[in-house]
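Asks: quick one: sequence plus predicted model below, questions after.
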Amino acid sequence: MRRITHAVATLALATAALTTLTTLTTLGVGSAGAADGSWAGCPYGAVCVYPQNQNPASAPSEVYWSYGAHNLSNQYGNHWVLNNQSGGAHAHLCKGSGGGSCVYDIPAQNGVWYDLGPINSITLDRP
């Protein structure tokens, strides 16, 4: 019984590691990231939006550095949005302009594949 439990635990751990590696690879990120902290072409400290249907993410079309709301224009369909900020800073996808009616929270060092058609702004928020 102990042998079966050990095998199941090992399989679960291997599956979790493979899922994490697959997610990072899908985003265009190697296992360690770039030495300068960039992530799939998104500079460290920024939030990046990639062109519609660019998968894997490799070259952002929009790069946001400053805290606050940033209105979007002509962004339709599915896009990668990567939050490469540090220190727990969040980014939010919002239906309203100027950061109103936010519907999705992206924690630091995370990304999302999202339909930006109904999204009119992105906020970068201090931790």
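Replies: Thanks, I have the structure now. Every value quoted in this text rests on a predicted model; they were computed, and no experiment measured them.
Asks: low-confidence stretches in the chain?
Replies: 1-35 (pLDDT under 70).
Asks: tell me the centre residue of this structure?
Replies: In the chain, the centroid-proximal residue (Cα atoms, centre = their mean) is Gly111; its distance is 1.0 Å.
Asks: and that one, helix, strand or coil?
Replies: Secondary structure, DSSP: H, G, I helix; E, B strand; the rest coil: Gly111 is strand.
Asks: can you name the residues bridging to it?
Replies: Leu82 (DSSP bridges).
Asks: count of neighbours near Cys94?
Replies: 22 (other Cβ atoms under 10 Å). No exception for glycine: its C-beta is placed from N, CA and C like everyone else's.
Asks: partner strands of the helix or strand hosting Val63, with direction?
Replies: Assigned by DSSP states H and E, Val63 belongs to strand 62-64. Strand 62-64 pairs in its sheet with strand 47-49 (antiparallel), by DSSP bridges.
Asks: any residues touching the partner strand, and which ones?
Replies: For strand 47-49, contacts defined as Cβ atoms under 8 Å, 6 or more residues apart in numbering pick out 40-42, 57, 60-64, 72, 75, 79-85, 91, 106, 116, 122, 124.
Asks: do that again at 10 Å, thanks
Replies: With contacts defined as Cβ atoms under 10 Å, 6 or more residues apart in numbering, strand 47-49 is touched by 38-42, 57, 59-66, 70, 72, 75, 79-85, 89-93, 106, 108, 111, 114, 116, 119, 122-124.
Asks: tell me the buried residues within those.
Replies: Buried by 16 or more other Cβ atoms under 10 Å: 38-42, 57, 60, 62, 64, 70, 72, 75, 79-85, 89-93, 106, 108, 111, 114, 116, 119, 122-124, out of these.
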